[in-house]
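>>> quick one, what's the 3D model for this:
(one chain, ligands or ions: 2)
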Amino acid sequence: MAVDRGVVLSGPGAVALEEIRVEPPGPGEVLVRIEATGVCHSDLHVIEEDGWGHAFPVLLGHEGAGTIEAVGAGVDRLASGDRVVLGWKTTCGQCPTCLRGEPRRCTRPPAAAGRLFRADGGELTPVLRTGTFATHTVVPVASAVKVSRELPVEQACLIGCAVATGVLSVLETARVWDGARVAVIGCGAVGLSVIQGALIAGAAEIRAIDLDERKIEQALQFGATHAGPGRVDFVFDVVGRRATFEQALGMIATGGTVTLIGLSPAHETAELELPALFGRRARILVSHGGDHLPQEDFPRLAQWALDGKLDLAGMVTRTAPLDAWQDALDTMQRGDVIRTVLTP
Ligand SMILES: [Zn+2]
Ligand SMILES: [Zn+2]
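Numbering: from 1, shown residues only. Ligands and ions are numbered 1, 2, ... in the order given. A predicted model of the protein is given here:
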């Protein structure tokens, strides 16, 4: 059997592709051969924020798709050979939010602990309980959602984070209505997914805002109707900085909603003018990955892609082998790509 490999953050700033050891799946878990994994800003955030709450060493990657190679005891919903998209925002069914009927806001999604190790024996913490910058990973069965093989795997993987986050921020978090005016600040992969979600919701006007002219062009190709700010009913801040959040607050119409999606650097603050907030009857929402539920939402997102309602192909700028992880992070940081998809 070939040696398993994964991209590991072993300590602050120390990232390398190295040999890893993957144990067989335990009860209620599945072993997945990763065939495609998108390179998402959150992985960079994990590197820059010293693990972002994950214990070192960390196995990077969380936007993956692949094929089930083994299932643990008690798993009957999935079988070897199934094509799955991995979801990081699963639900425990037992925490206070789950018990009061809000599984989309679960704060304790289950993890498959004790399955992934470095060659020296140190246990790896997979990013967001998935760890997809790797040849194999092990996840709880709830984290694996079967999708059709008709959807190319390098497109399917995007459903696992960027697409679910963007589209469901519109449909579930903010609940954009038919005919609404929408603006998106930050037009990378998540922003383009917000635009596609706004089209599905029936938005009448979609404004694209980004400092990078290339991203505005892309946004217009994906269905944005205007470039630049204007008065709107819904603003999605995909960037999460003081400047973008304050811009979002300044753009909403009376009764408007600002939805914060982007991960802010530690200690980032913004200033609100409370009388203006009150006067506008504004709502401020936080979208945690679009409040998606993998088992409910991935199948409909995959179907929309197959039906041509979601353009995933246009979001995959390029594919590259796992060895190209560093270049993939660099090109993302420069904004040169919508998505690089690594194919381990
Ligand atoms: Zn829960
Ligand atoms: Zn992500």
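>>> quick one: neighbours of residue 105, just the number.
16 (other CB atoms under 10 Å). The C-beta positions use only the backbone N, C-alpha and C, and glycine is treated the same way.
>>> contacts only, for it.
Residues counted as contacts of residue 105 (CB atoms under 8 Å, 6 or more residues apart in numbering) are 97, 288, 291.
>>> and for residue 129?
By CB under 8 Å, 6+ apart, residue 129 lies in contact with 88, 90, 109, 110, 111, 112, 139, 140, 143.
>>> now neighbour count and secondary structure too, for those, in a markdown table please.
Putting those into a markdown table (neighbours: other CB atoms under 10 Å; DSSP: H, G, I helix; E, B strand; the rest coil) gives the following:
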| residue | neighbour count | secondary structure |
| --- | --- | --- |
| 88 | 25 | coil |
| 90 | 25 | coil |
| 109 | 20 | coil |
| 110 | 19 | coil |
| 111 | 20 | coil |
| 112 | 24 | coil |
| 139 | 27 | strand |
| 140 | 22 | strand |
| 143 | 29 | helix |
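>>> could I get the residues you listed as TSV with pLDDT and distance to ligand 1?
TSV is the format used below for the contacts of residue 129 (pLDDT from 0 to 100; distance: CB to the ion, whole Å):
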residue	pLDDT	distance to ligand 1
88	97	14
90	97	9
109	96	7
110	95	9
111	96	13
112	96	17
139	98	17
140	97	13
143	98	14
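>>> check those residues against ligand 2, which are close?
Among the contacts of residue 129, no residue is within reach of ligand 2 (CB under 5 Å from the ion).
>>> PyMOL command to pick out the buried ones of the contacts of residue 105?
Buried residues among the contacts of residue 105 (16 or more other CB atoms under 10 Å), as a PyMOL selection:
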select buried, resi 288+291
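>>> just give the nearest non-adjacent residue to the residue minimising distance to the centre of the chain, would you?
Among the residues of the chain, the one closest to the centroid is residue 161, at 2.2 Å (CA atoms, centre = their mean). Residue nearest to residue 161 in three dimensions, not counting chain neighbours: residue 63, with 3.9 Å by CB to CB, 6 or more residues apart in numbering.
>>> circling back to that earlier point, out of the contacts of residue 105, who's nearest ligand 2?
Among the contacts of residue 105, residue 288 lies closest to ligand 2 (CB to the ion), at 11.7 Å.
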